[in-house]
Structure formats: structure tokens, C-alpha cells
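S.K.: show me the folded form of this:
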Amino acid sequence: MGRSYDQFCPAARALDVVGGRWALLIVRELLLGPRRYTDLAEGLPGIGPNVLAERLRELREAGILVRAKLPPPAATTVYELTALGVALRPVVDELTRWGLRLLDVPPRPGERFRIGWLLSCVRACFRPELARGVSETYEFTVDGDTFHLRVEDGALDARHGPAGGAAAACAVTTDLATFVALGAGVLDVGEALGRGLARVGGGPGAVAALGRAVAVVGANLDDTGGRHGIIGAVGASFRPEAVRGVHETYGFRLDEFAFHARVEDGTLHMRPGAADDADVTLVTDLATLLSLGTGVLSLERAFAAGAATATGDPGAGLRMATAFGVPLTDADVDTGTAAGA
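M.R.: Coordinates of the predicted model:
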């Protein structure tokens, strides 16, 4: 395992085993199910083949993972976690939750995105109290990548691939922006299906099952006031006290997907679609919106990086940012950056 800290301490001993570069990211991938060597290489862009082989060997020797062979017809060799490796799940989940605070800049050039990384966020932000008594499997195909979520009486298991032998209560096909918008509560199931942004299969109860899936792994704006999104970001920080007496409409556009928020004296009403009467409209990408929604990326930095633009009233833009907890710098306030000026 390379150099040791040489300390008889549980934390130091744990870091001896999984503290090396790529080790926990390999565990992150395997928490979503057994993976072939090629799957791991694809899911860990930037890792060299020699480094991946060495880390896999080290983790096998430490009892974190094993090599196994899937039964026919697959009959292929995969890596999977042992019970000791699965015990790292809460560590990875908490690290993911903590890491959301560090997304304080737009994605850097060359940074990649994988659906599996979104699944880690889904699992980390899962609210078990809303899933008591629920026992269902939900299958999603998002931008061509298929995964499924198994909810079992307050516990969640997220896995790559189709549900397989487990009968899915719903099978949903959609794109990434719609998936996030559903989870964030800015788009309801009926609207997504009606507009053709998502398709659902799985029998007569599939639409209701999708509604339950959104309830347990996504936001509930009525219950949370917009403070809980699918990865704790979109619509996550509405502050009614900041917009008392304000009557304005704020538009948001992510590529082809649009939604808007109407603020009426401290109350919030979010709806899908563009608003003709928007006082200001923010145009950005998903990653930047998530960073703004977590409150760790300022508008000044987003605009300076070219990751966001806005049209409309600069004053309304500043009030929109304040309403949703987006950090404002002196430059934002002095120059009206919030409206892209």
C-alpha cells in the first residue's frame, strides 16, 4: 500500500489503506455495483492503466474488494466490494455531501462528468424518513445511461444498469436537465410527460411510481420551502425574508429547458417553462446552476468565467440572487453584474 503513517490509530490505519490517490474513487464506482476493468477505466477518466491495476491489487490485498466472475450469459470478470468495502458507503456519502461545498467555481476546461457521479449525489442526499414503508425499484435511462434505484423501507441502493430481475415500478427515459429538474422540484411529473421531456413505462401504476421516486430522492418544495434539491443545490436556498414586499418573476434557462419563479411578497411559486413577463432571466449550464444553488459560487465569478449570462433588470437580478442565497460580491452590487451588465 505504499508508505505508511506508522501510527497505531484507526484513522491513520484507514488512510494507509484507502488514502492513496484514486482508491476512494474506485470504491465510489464499486458502490454502484460490480464493474469490469474497462468499466472502471471509463468511469475514472485520467487514471492510467498501470495505476488502476496497482490500486486494484492493493485494495484486493487489503480485503476491500475481490475479483469475481458473473454467471452466464455474461461470464465476465468483474471487481466487487467485500463487506469491508461496502462499510465505506457512509464515508463516501459524507465525503460527497461535504464536497458539494467545494464546487465554488464552474467546471474547469477538461473536467468530465459521468452519470455515476450524479448517482453518488443522489445517494448522499437521500432522505430515508420519506421512504418508510416504501419497497420499490425505479429504473432511469438518462442521456443513454441506464441505472436503477432500489428503495426498501427507508434504505436506498443505487446501481448501474437496468433493474434486471427486480421488476421496476417505473422505467423512465429522459435527459440530464429534466432528471435534475424533476428532482429539484422545478418540474412536476405530469408536465415533464406532457411536454415529452420524459417517457415512462412499467404498467398502469408507473406514473404514480415515478411520483413516489421524486418524493423520496428529490425535493418537496411544499415541505421544504425549496431548501432541499436532488443534490442539495437547485432551488436549495430560497429566503422569503429577503424578498418581503417584492413582486417579481425570475426566469432560468438551461440549454433547451426553462423554468421560472414568481416571488410574491416572500412567497415562492416555481413553474416549468419560460415566463414572458420575467424581470430577469439567467442563462447558464447545469453545473454552474448547481454551484450557484449551493451558495458557493458568486454571480461575479460565474459571469467572469463566461459560464452564465442574464438579461433584464439589473436590480431584479440582484434581488433574485439574494432570494436564492447566491453570494454577491461588491462588484455585483456596484456594477449590476447580476443582469450581465
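S.K.: okay, now the nearest residue to L15 once chain neighbours are set aside: neighbour count?
M.R.: Among residues not flanking L15 along the chain, Y5 sits closest, at 6.4 Å (CB to CB, 6 or more residues apart in numbering). C-beta coordinates here come from the backbone N, C-alpha and C atoms, glycine included. Number of residues near Y5 (other CB atoms under 10 Å) recorded here: 13.
S.K.: Y5 contacts A14, doesn't it?
M.R.: No. Look at Y5 against A14 with CB atoms under 8 Å: they stay out of range, at 9.9 Å.
S.K.: G20 and F179, how far apart?
M.R.: 33 Å (CB to CB, to the nearest Å).
S.K.: these two: which is more packed in?
M.R.: F179 (25 against 17).
S.K.: before we move on, which element is the more buried one in?
M.R.: helix 176-184 (DSSP states H and E).
S.K.: I'd like to know which elements that helix is packed against.
M.R.: Helices and strands touching helix 176-184, as assessed by 3 or more CB pairs under 8 Å, 6 or more residues apart in numbering; DSSP states H and E, comprise helix 115-125, strand 135-142, helix 189-194, helix 206-217, strand 257-264, helix 286-293.
S.K.: for the longest one, C-alpha coordinates in CSV please.
M.R.: Okay, so that is helix 206-217. C-alpha atoms of helix 206-217 as CSV (Å, rounded to 0.1, in the frame of the first residue of the first chain):
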residue,chain,number,x,y,z
ALA,A,206,-45.8,3.7,-13.5
VAL,A,207,-46.6,7.4,-13.4
ALA,A,208,-47.6,7.2,-9.7
ALA,A,209,-44.4,5.2,-9.0
LEU,A,210,-42.3,8.0,-10.7
GLY,A,211,-44.1,10.5,-8.4
ARG,A,212,-43.0,8.4,-5.4
ALA,A,213,-39.5,8.2,-6.7
VAL,A,214,-39.3,12.0,-6.9
ALA,A,215,-40.7,12.3,-3.4
VAL,A,216,-38.0,10.1,-1.8
VAL,A,217,-34.9,11.1,-3.8
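S.K.: numbering from 624 from now on, please.
M.R.: With the count now opening at 624, the last piece we talked about shows up as helix 829-840.
S.K.: so for it, mean pLDDT?
M.R.: Averaging pLDDT along helix 829-840 gives 90.
S.K.: list the buried residues in that helix.
M.R.: Using 16 or more other CB atoms under 10 Å as the test for burial, helix 829-840 gives A829, A832, L833, R835, A836, V837, A838, V839, V840.
S.K.: mind listing what's buried in stretch 663-678?
M.R.: Applying 16+ other CB under 10 Å to stretch 663-678 flags L663, G666, L667, I670, L675, R678 as buried.
S.K.: show me where the stretch 624-773 of the chain has helices.
M.R.: 633-641, 646-653, 660-666, 672-684, 706-709, 712-722, 738-748 (DSSP state H, counting those that start in this stretch).
S.K.: dump those to TSV, plus mean pLDDT and distance to T760.
M.R.: Formatted as TSV, the helices of the stretch 624-773 of the chain follow (pLDDT from 0 to 100; distance: least, CB to CB, whole Å):
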stretch	mean pLDDT	distance to T760
helix 633-641	92	30
helix 646-653	95	20
helix 660-666	93	21
helix 672-684	96	29
helix 706-709	96	19
helix 712-722	85	19
helix 738-748	75	14
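S.K.: for F926, find the nearest of those helices.
M.R.: helix 712-722 (24.2 Å; CB to CB).
S.K.: who touches the closest one?
M.R.: L647, V650, R651, L654, S743, C744, R746, A747, C748, G855 (CB atoms under 8 Å, 6 or more residues apart in numbering).
S.K.: which ones are touching the closest residue to T934 other than its chain neighbours?
M.R.: By the measure of CB to CB, 6+ apart, the closest residue to T934 outside its immediate chain neighbours is T904, 5.4 Å from it. Under the criterion of CB under 8 Å, 6+ apart, the neighbours of T904 are Y873, G874, F875, R876, A897, A933, T934, G935.
S.K.: over to the third one: give its phi and psi.
M.R.: Put plainly, it is F875. phi -130, psi 140 (degrees, to the nearest 10).
S.K.: burial count for it?
M.R.: 27.
S.K.: how about it, what does it touch?
M.R.: So F875 contacts V809, A881, F882, H883, A884, T904, L905, T907, L912 (CB under 8 Å, 6+ apart).
S.K.: bridging residues for it?
M.R.: F882, L905 (DSSP bridges).
S.K.: distance check, it against G828.
M.R.: F875 is 32 Å from G828, by CB to CB.
S.K.: direction included, what does whichever strand or helix holds H892 pair against?
M.R.: H892 is located in strand 890-895, with elements delineated by DSSP H and E. Using DSSP bridges, strand 890-895 pairs in its sheet with strand 880-887 (antiparallel).
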